[in-house]
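**Q** no FASTA, just this:
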């Protein structure tokens, strides 16, 4: 993904901010999908810089459509004097695009201590785009102290394994290395109320 450039026309307008203290509270209340379990209820949150060697991706693909969308958002943020998606230290509220009003938060990186793994659980398109553009790292919300019975819903893979595809594949095995292939989203963190993220397998 090329470096975003500022456009004259603003498609995504910044209409508000989400301070880190408010974002932390929202994340603490995130539940597993279709569940009342809160994996972050006693977690610790920190905004920090990661190199790509320090956190692995958790997706085997990105779509061209979403890569282009984040490219346009990055350009619009620059046009409004805002940091782009890999340099955010707080959340933003955007107005525009097909989704209308939506939240935009930094990428989310978890460290699941029982397995000693650190991975990007939200923000795959942005982080892969930065890596392909030659950027050395990114700012993310780092979450530790996750409930030990809430491991990531997929196993991390390498950055080199990620492919850009024209559209979402039909075969779930091409998407991620799911921990529970028969129930791939049982452990999915439901970020939809915060930033609109939803599972990539319909009906899950």
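**A** All right, it came through fine. Owing to the predicted nature of the structure, the values given are computational and were not obtained by experimental measurement. Numbering: from 1, shown residues only.

**Q** and residue 64, what is it in contact with?
**A** 164-167 (CB atoms under 8 Å, 6 or more residues apart in numbering). C-beta: built from backbone N, CA, C; applies to glycine.

**Q** Need those in TSV (columns: pLDDT, neighbour count and secondary structure).
**A** Shown next, in TSV, are the contacts of residue 64 (pLDDT from 0 to 100; neighbours: other CB atoms under 10 Å; DSSP: H, G, I helix; E, B strand; the rest coil):
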residue	pLDDT	neighbour count	secondary structure
164	96	15	strand
165	95	16	strand
166	94	8	coil
167	91	9	coil
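
**Q** Point out where this protein drops to low pLDDT.
**A** Low-confidence segments of the chain, defined by pLDDT under 70: 1-9, 196-204.

**Q** Could you pull out the strands in it for me?
**A** Here the chain has its strands, by DSSP state E, at 13-18, 44-51, 61-63, 91-95, 102-104, 108-112, 117-122, 137-144, 154-155, 163-165, 177-178.

**Q** Check which helices and strands the third one sits against.
**A** On a contact count with 3 or more CB pairs under 8 Å, 6 or more residues apart in numbering; DSSP states H and E, strand 61-63 meets helix 124-132, strand 163-165.

**Q** Can you tell me what sits against the shortest one?
**A** When you say that, I think you mean strand 163-165. By CB under 8 Å, 6+ apart, strand 163-165 touches 60-64, 67, 128.

**Q** wait, which of the helices and strands packed on strand 61-63 is closest to residue 73?
**A** Minimum separation from residue 73 across the helices and strands packed on strand 61-63 (CB to CB) falls at helix 124-132, 9.0 Å.

**Q** for the closest one, packing partners?
**A** Applying 3+ CB pairs under 8 Å, 6+ apart, one finds that helix 124-132 contacts strand 61-63, helix 64-79, strand 137-144.
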